[in-house]
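Visitor: Here's my sequence, what's the structure:
(2 chains)
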2 protein chains.
Amino acid sequence: LNDRATVRRLPQRGAYDAETIHAILDAGFLAHVGFCVEGQPFVIPTLYGRVREAGDGPDKLCLHGSAASRMLRELSSGVSVCVTVTHVDGIVLARSAFHHSMNYRSVVAFGTARKIEDVQGKAEALRVISDHLIAGRWDDVRNPTAKELKATSVLEFTIEDASAKIRTGQPADDEEDYALPVWAGVVPLHLQAAAPLKDPRLDGDIPLPSYVRSFHTNGNGHHGTEHIK
Amino acid sequence: LNDRATVRRLPQRGAYDAETIHAILDAGFLAHVGFCVEGQPFVIPTLYGRVREAGDGPDKLCLHGSAASRMLRELSSGVSVCVTVTHVDGIVLARSAFHHSMNYRSVVAFGTARKIEDVQGKAEALRVISDHLIAGRWDDVRNPTAKELKATSVLEFTIEDASAKIRTGQPADDEEDYALPVWAGVVPLHLQAAAPLKDPRLDGDIPLPSYVRSFHTNGNGHHGTEHIK
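Guide: Numbering: from 1, shown residues only, chains lettered A, B, ... in the order given. Predicted structure coming up:
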């Protein structure tokens, strides 16, 4: 299984450099985290943040433990985990059914997850997840108490190997199909933010913070605005 | 593991009725498919369609095999699979770090996947996936040849049990935190379609089909427009 990260089918869509992988991870905030319990697979949607440290250590993600709580309960030590992040960029409408496709960017990362036990480490990991999701928020809110940290599960996921897959652009039809009278093209898709809805219980004097406004203004903030075309 | 589909944490967010589960599955088209090979989990983004049949049989999904080709190669008979579909509906900004959350709808389905071997069955399954993604397209395009069907892998996934999780609405802060001078609310998110981009090689006389236009006009077609509030 040491070739687990090799993109076997359509290898021209595979990309492996760290810059590409980081860009895809940084453009998202929701991962699908997979693990096995006695041969039974589980796939759980989970918020994550990428640890951005100086140095040459392995890449790490912090995973919010609420969704992964089953894994935490089942297994207390390091667990083999697959973390997949996918951005849907469009539907590719070809002239033949066979060449229909999706434009997307995805990373499939393999590694080991372990529970963060110490309270300080948990607080730092939660900050990583918060900053990744919406930079500026952490410093604006009430920070977690020791009791809250105790009640929170956070995982540290060390990436051992990872691969990226990217598809962009128009359909690639068979040459003879270009003569067919069939509309062909791409319907672009992206995750879009709408105007923030303030909590009805909010004091009317409290303004919308700029980091929330910019999240909205930019469509979805740093998430997927830089589509690779 | 016969309680694998039970939502253990925050059980008030769990919903199990078939109508809710079908609505979430029908609002999406991309699943994250998990399986295990010798204890190693894999999570692969995969297009799917829900089989809509009369009768009381088990629910079935068709999975496009391109992404699942590794699984198909590794294992030829029925495989334990977890299929997870998640719609991100918003970011929930609470007054405390602890109560930050995400609005979402997700289904986690457990069951068995098997390869569809016969050519006719493959064609039907591909049509299910196509109709699910963009109704009307299949009848408009060149249908697959026998050779193309042979080259295509499609899986039939029989759902043995499934659960849904939904979070909606504003943050639920601790009562004493409502007095904090912190902006709180929700940033709604949804998958948005932009104007279709026609293939530069398209004959200019071929109009945009209405089913593509309505996919665009409706934001993202049938996908997530009916947010549960």
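
Visitor: From now on I want contacts and neighbour counts done on CA atoms only, so please keep to that.
Guide: Will do.

Visitor: in chain A, which spans are strands?
Guide: Taking DSSP state E as the test, the strands found in chain A are A:14-15, A:30-37, A:40-50, A:60-64, A:79-93, A:101-115, A:154-167, A:185-193, A:197-198.

Visitor: any chance of those in TSV, plus distance to residue B:211 and mean pLDDT?
Guide: As requested, the strands of chain A are exported to TSV (distance: least, CA to CA, whole Å; pLDDT from 0 to 100):
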stretch	distance to residue B:211	mean pLDDT
strand A:14-15	32	71
strand A:30-37	30	94
strand A:40-50	31	95
strand A:60-64	39	94
strand A:79-93	12	95
strand A:101-115	17	94
strand A:154-167	24	94
strand A:185-193	12	95
strand A:197-198	32	96
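
Visitor: could you dump the ones you listed to JSON lines with distance to residue A:123 and mean neighbour count?
Guide: JSON lines is the format used below for the strands of chain A (distance: least, CA to CA, whole Å; neighbours: other CA atoms under 10 Å in any protein chain shown):
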{"stretch": "strand A:14-15", "distance to residue A:123": "33", "mean neighbour count": "18"}
{"stretch": "strand A:30-37", "distance to residue A:123": "19", "mean neighbour count": "25"}
{"stretch": "strand A:40-50", "distance to residue A:123": "13", "mean neighbour count": "26"}
{"stretch": "strand A:60-64", "distance to residue A:123": "11", "mean neighbour count": "24"}
{"stretch": "strand A:79-93", "distance to residue A:123": "22", "mean neighbour count": "25"}
{"stretch": "strand A:101-115", "distance to residue A:123": "13", "mean neighbour count": "23"}
{"stretch": "strand A:154-167", "distance to residue A:123": "9", "mean neighbour count": "22"}
{"stretch": "strand A:185-193", "distance to residue A:123": "28", "mean neighbour count": "23"}
{"stretch": "strand A:197-198", "distance to residue A:123": "26", "mean neighbour count": "16"}
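
Visitor: can you put those strands in JSON lines and add distance to residue B:193?
Guide: As requested, the strands of chain A are exported to JSON lines (distance: least, CA to CA, whole Å):
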{"stretch": "strand A:14-15", "distance to residue B:193": "26"}
{"stretch": "strand A:30-37", "distance to residue B:193": "20"}
{"stretch": "strand A:40-50", "distance to residue B:193": "23"}
{"stretch": "strand A:60-64", "distance to residue B:193": "29"}
{"stretch": "strand A:79-93", "distance to residue B:193": "8"}
{"stretch": "strand A:101-115", "distance to residue B:193": "13"}
{"stretch": "strand A:154-167", "distance to residue B:193": "17"}
{"stretch": "strand A:185-193", "distance to residue B:193": "4"}
{"stretch": "strand A:197-198", "distance to residue B:193": "22"}
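
Visitor: Mind giving me the packing neighbours of the longest helix anywhere in chain A?
Guide: Longest helix of chain A, by residue count under DSSP state H: helix A:119-133. Under the contact criterion of 3 or more CA pairs under 8 Å, 6 or more residues apart in numbering or on different chains; DSSP states H and E, helix A:119-133 touches strand A:40-50, strand A:60-64, helix A:146-151, strand A:154-167.

Visitor: buried ones in that helix?
Guide: Buried residues in helix A:119-133, counting neighbours by 16 or more other CA atoms under 10 Å in any protein chain shown, are found at A:119, A:122-123, A:125-133.

Visitor: can you give me the offset of it from its chain's centre?
Guide: 16 Å (CA atoms, centre = their mean, to the nearest Å).

Visitor: do the same with stretch A:88-101
Guide: Offset of stretch A:88-101 from its chain centre (CA atoms, centre = their mean): 23 Å.

Visitor: related to what we said a few turns ago, quick one: which of the helices and strands packed on helix A:119-133 is nearest chain B?
Guide: strand A:40-50 (5.2 Å; CA to the nearest CA).

Visitor: and the closest one, anywhere near chain B?
Guide: Yes. Against chain B, strand A:40-50 shows contacts by CA under 8 Å from any CA of the partner chain at A:40-45.

Visitor: Mind listing the residues bridging to the residue nearest to residue A:102 when sequence neighbours are not counted?
Guide: Among residues not flanking residue A:102 along the chain, residue A:91 sits closest, at 4.7 Å (CA to CA, 6 or more residues apart in numbering or on different chains). In this structure, residue A:91 bridges to residue A:102, residue A:187 when assessed by DSSP bridges.

Visitor: My read is that residue A:91 contacts residue A:190, right?
Guide: No. Between residue A:91 and residue A:190 there is no contact under CA atoms under 8 Å: 10.8 Å.

Visitor: On the pLDDT front, check residue A:57 for me.
Guide: Per-residue confidence (pLDDT) for residue A:57: 70.

Visitor: Run a quick neighbour tally on it.
Guide: Residue A:57 is flanked by 8 other residues according to other CA atoms under 10 Å in any protein chain shown.

Visitor: And the residue of chain A positioned farthest from its centre, how close does it get to chain B?
Guide: Distance to the chain centre peaks in chain A at residue A:179, reaching 39.6 Å (criterion: CA atoms, centre = their mean). From residue A:179 over to chain B the distance is 8 Å, taken as CA to the nearest CA, to the nearest Å.

Visitor: Could you do residue A:136 as well?
Guide: In terms of CA to the nearest CA, residue A:136 sits 12 Å off from chain B.

Visitor: OK, contacts around that residue?
Guide: Contact analysis of residue A:136 by CA atoms under 8 Å, 6 or more residues apart in numbering or on different chains lists residue A:211.
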